[in-house]
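**Q** One predicted model, sequence on top.
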Amino acid sequence: MPITYEDTASGVRLIKLSGRMDIAGTGQIEVLFASLSCAETLKVVADLSAVEFLASIGIRSLISNAKAQHNRGGKFVLFVGDNAQVAKTLETTGIDALIPMFRDFGDALAAVA
Amino acid sequence: MTALAIGPCCFAVAADAAGAGAASAWLAQVCAGHGVPPDQVYRLDTCLTEALANVIAHGGEGALAAPVVLTLFLEEAGSECCAVLEIADGGRPFDPLAHRAAPRAATLDEAIPGGLGLTMIRSASDRQDYAYRGGQNRLTLRFCWPLFR
């Protein structure tokens, strides 16, 4: 599954994930995702707005990276936009209570600023 | 689109990541061909993916050596349509429904990655049944949604 990132002028690392975050998809990106998310102390926005499917293995990857960044003293939030299915999965599993989740991109950026 | 009833539709996959991907592709194709709404396909796919992940992780050598057989029925029942998905694997007897979901962590510090599959299956399907029969674990999941004509 595709993963890209951008370091913004305001010091935020925006990691954009797309495609299926299932067993195969997460396996393809988990090492790079971890490296981009938590190799250094950062303000991370993980953009899930284009994720087509989110399985528990993908959630595991989100928790691991958020936890690692949190332990470093950085920030890690989720941006879901209008991706209702992914938002519902995160809410159903209670992940939105552990990792801040935003539908508005400006709110996500403000949360890590 | 109105959903149509279909008889059993079967597919067999290996208990590995590629097999799980093939299973999701099969599910999407069958559902698209029979008018299952996308949000219901997502529910089915969630449960199928999590069930296969359990087989891969916990089924042992028996599960990995034999194909996992998937069976899908669609039926109209009054004002609703229901899908019944069975996942049958040759792994050691394992009833996933007998295991309680781990309590939710209150904070990220307390969170332990993993263990969400059963929670997702229970929340995404309307009914779950398990039986060990004919040397196979058979997890049967039911999904219903309103029919709009």
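**A** Structure received. None of the values given here were measured: they were computed from a predicted structure.
**Q** before we move on, what SS does the residue lying closest to B:Asp129 once chain neighbours are set aside have?
**A** Among residues not flanking B:Asp129 along the chain, B:Thr140 sits closest, at 4.5 Å (Cβ to Cβ, 6 or more residues apart in numbering or on different chains). Glycine gets a C-beta too; all of them are placed from N, C-alpha and C. Three-state call for B:Thr140 (DSSP: H, G, I helix; E, B strand; the rest coil): strand.
**Q** The nearest residue to B:Leu108 once chain neighbours are set aside: what's it in contact with?
**A** Take B:Leu108 and drop its neighbours on the chain: the residue closest to it by Cβ to Cβ, 6+ apart is A:Leu98, 4.7 Å away. A:Leu98 makes contact with A:63, A:66, B:105, B:107-108, B:111, according to Cβ atoms under 8 Å, 6 or more residues apart in numbering or on different chains.
**Q** ok, the residue nearest to B:Asp129 - how many residues close by?
**A** By other Cβ atoms under 10 Å in any protein chain shown, the residues close to B:Thr140 number 17.
**Q** you'd agree it is up against B:Val84?
**A** Yes - between B:Thr140 and B:Val84 there is a contact under Cβ atoms under 8 Å: 6.5 Å.
**Q** list residues touching both of the two?
**A** When Cβ under 8 Å, 6+ apart defines a contact, no residue borders B:Thr140 and B:Val84 alike.
**Q** Which secondary structure state does the residue positioned nearest the centre of chain A sit in?
**A** Nearest to the geometric centre of chain A sits A:Ala46, at 2.9 Å (Cα atoms, centre = their mean). With three-state DSSP as the basis, A:Ala46 sits in strand.
**Q** Can you name the residues bridging to it?
**A** Counting by DSSP bridges, A:Ala46 is bridged to A:Ile15, A:Leu78.
**Q** I'd guessed it sits against A:Lys75; true?
**A** No - applying Cβ under 8 Å, one finds A:Ala46 not in contact with A:Lys75, separated by 11.0 Å.
**Q** So which residues on chain A come close to chain B?
**A** Contact residues (Cβ under 8 Å from any Cβ of the partner chain) of chain A with chain B: A:20, A:22-24, A:27, A:53, A:55-57, A:59-61, A:63-64, A:66-67, A:70, A:85, A:89, A:92-94, A:97-99.
**Q** mind listing what the nearest residue to B:Gly21 once chain neighbours are set aside touches?
**A** Closest residue to B:Gly21 apart from its sequence neighbours, by Cβ to Cβ, 6+ apart: A:Ala24 at 4.8 Å. For A:Ala24, the contact set (Cβ under 8 Å, 6+ apart) comprises B:17-18, B:20-21.
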